[in-house]
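Colleague: Could you look at this predicted model? Sequence included:
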Amino acid sequence: MPTGREAHVCGECGAGTARWMGRCPACGGWGTLKAVETRVGATGGGGAGGRVPAVVRAAELALEAPVERLATGFGELDRVLGGGLVPGSAVLLGGEPGVGKSTLVLQAADRLAATVPVLYVGAEESLGQVGRRARRLGVSAAELRLAAETELGRVLAATEQAAPRVLVVDSVQAVRDGELPSAAGSVTQVRRVADALVEASRRGGWATVLVGHVTKDGLLAGPKALEHVVDVVLAFEGDERSGRRVVRCVKNRHGAVDEVGVFEMTGAGLADAQDPSASLLGSRVRGVAGSAIAAAREGRRTLLVEVQALTAGTSLAAPRRSVVGVDAGRTQLICAVLGRWGGLELGGSDVYVAAAGGLRVTDPGADLAVAAAIASGHTRVAAAIETAWVGELGLCGEVRGVVGIEGRVAEAARMGLGRCVVPAVGRGARAMRAEGMEVVEVERVVEAMAVLRGEVFPGCEQFP
């Protein structure tokens, strides 16, 4: 027979101990340990005390028909999800306050409700506030149900009443289980609420979308187990001044990761960006020192992004390296490579680098563009021809090959650029041709700097 056993769990961090202690050994909180009863099942196989495990052949599952996904009505969001929402799955969407998470999920809920029943639970707003936002966004689907609840039990009861195919909870940190003594948003509460909602969605067969908060460092708030329990984790990013928003996939059990979706914030809410590269390059500067175009690969798509750089003299012992939209560690590495192998003296200069347009570039293939922007800004020399730069920099000054060079060159040609600098795959290897595009192969960063200055270095391969 199952037996009961008393344990103590911290209401702040979720750590457990076998006996009560005045101070939690994990987080150091005083008086946060509370007694809970755990159930210990009988040992043994499939007898009266245990459940017979379900074991099936992998070949049998492979023969099952693929699950029909639910299209969200946003082409960019469906792209990131791998084709739409999977019934019975859970999606976690995180982002900074004010970036538009609630707008995105409410609009997607409205479009989904055109074909399937949807329940939207606003845990941070009253029903009147949710309704006013819905009217402003033009939400009018007949099968969209709205609720404003913060108690986990009432949220689950609402799902039984509405019988949705899609459940949206905004946000998971605002919902609490009344059986736990801790406040909403604590580690224990977030873990309990997420577990209950995910388990209910898998039993009921509906897709669940959870909106999550982020910390000041940009990480999802709450326990790391929150990201483990869901099937898909999306990060919503954007520059509020430009109106451009990006959804980035960092985990996907039902599709590819590292995909991105690009949106435009309009007066009527969010809309798919029709041509992301054109949108990102629309306000670029031409013929000005300190600007370079990166042909960055995000997931399975290529995006052209303008990288801007500025150098200025400094009196500091350690010059400043300030970056926005690119990786700070890689920028430090690129500055060191330029100083050692590129012939640039950056030790007495502050370096500022930014990816224009609000997109965060994570592709190592953008290294060469960052290097070109820094070199252009430092030497005050602009490339004579509008150029896309492709390549990863090594510590020995070499330009390494990257994935999808053909697609990067094709995207640069489609956007009307005149030249593309790419890594050389062995000297003399013929690069891919593109109509109206000059393709230049380089092996070393010093050769790329020569291309920037308009010089033709020995052994340079150019294919008009």
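Modeller: That came through fine.

Colleague: Report how many residues lie close to the closest residue in space to residue 260 that isn't next to it in sequence.
Modeller: Leaving out its chain neighbours, the residue that sits closest to residue 260 by C-beta to C-beta, 6 or more residues apart in numbering is residue 298, at 4.3 Å. C-beta here means a position set from N, CA and C on the backbone, and glycine is covered the same way. If you count neighbours by other C-beta atoms under 10 Å, residue 298 ends up with 22.

Colleague: What's the per-residue pLDDT of residue 298 here?
Modeller: Here the pLDDT value assigned to residue 298 is 85.

Colleague: who's in contact with it?
Modeller: Residue 298 is in contact with 248, 258-260, 362-363, counting by C-beta atoms under 8 Å, 6 or more residues apart in numbering.

Colleague: What is the nearest of the residues you listed to residue 67?
Modeller: residue 259 (18.7 Å; C-beta to C-beta).

Colleague: how about that closest one, what does it touch?
Modeller: Counted by C-beta under 8 Å, 6+ apart, residue 259 has contacts 79-80, 82, 248-249, 252, 298-301.

Colleague: What's the local residue count around the residue nearest to it when sequence neighbours are not counted?
Modeller: Closest residue to residue 259 apart from its sequence neighbours, by C-beta to C-beta, 6+ apart: residue 299 at 3.5 Å. The tally of other residues near residue 299 (other C-beta under 10 Å) stands at 18.

Colleague: same question, the one 4 residues further on
Modeller: By other C-beta under 10 Å, 25 other residues sit near residue 303.

Colleague: sec struct for it, please.
Modeller: Counting by DSSP: H, G, I helix; E, B strand; the rest coil, the backbone at residue 303 sits in strand.

Colleague: Now residue 425. Nearest residue, chain neighbours left out?
Modeller: Among residues not flanking residue 425 along the chain, residue 401 sits closest, at 5.9 Å (C-beta to C-beta, 6+ apart).

Colleague: residue contacts, the one you found?
Modeller: Taking C-beta under 8 Å, 6+ apart, one finds 391-392, 423, 425 in contact with residue 401.

Colleague: that older thread, buried subset of the contacts of residue 298?
Modeller: Neighbour counting with 16 or more other C-beta atoms under 10 Å marks 248, 259-260, 362-363 as buried within the contacts of residue 298.

Colleague: closest to residue 213 among those residues?
Modeller: residue 248 (16.9 Å).

Colleague: and that closest one, what helix or strand is that in?
Modeller: According to DSSP states H and E, residue 248 maps onto strand 244-252.

Colleague: That strand: which residues count as buried?
Modeller: Quick answer for strand 244-252 (16+ other C-beta under 10 Å): 244-249, 252.

Colleague: Out of those, flag the one nearest to residue 376.
Modeller: Closest to residue 376, out of all of the buried residues of strand 244-252 and judged by C-beta to C-beta, is residue 244, at 24.2 Å.

Colleague: From residue 417, how far off is the closest one?
Modeller: 21 Å (C-beta to C-beta, to the nearest Å).

Colleague: Same question for residue 424.
Modeller: 19 Å.

Colleague: same question, residue 175
Modeller: Separation of residue 175 from residue 417 (C-beta to C-beta): 49 Å.

Colleague: pLDDT below threshold where in this protein?
Modeller: 1-6, 12, 37-52, 60-65, 216-219, 221-223, 240-241, 426-435, 456-464 (pLDDT under 70).

Colleague: Could you check how many residues crowd around the nearest residue to residue 97 once chain neighbours are set aside?
Modeller: Distances taken as C-beta to C-beta, 6+ apart put residue 213 closest to residue 97, at 7.7 Å, once the chain neighbours are dropped. Applying other C-beta under 10 Å, we find 19 residues neighbouring residue 213.

Colleague: Residue 213 against residue 170, yeah?
Modeller: No - the criterion here is C-beta atoms under 8 Å, and residue 213 misses it with residue 170 at 10.6 Å.

Colleague: What strands line up against the helix or strand containing residue 421, and which way round?
Modeller: Assessed by DSSP H and E, residue 421 sits inside strand 419-423. In the sheet containing strand 419-423, its partner strands are strand 387-389 (parallel), strand 438-442 (parallel), by DSSP bridges.
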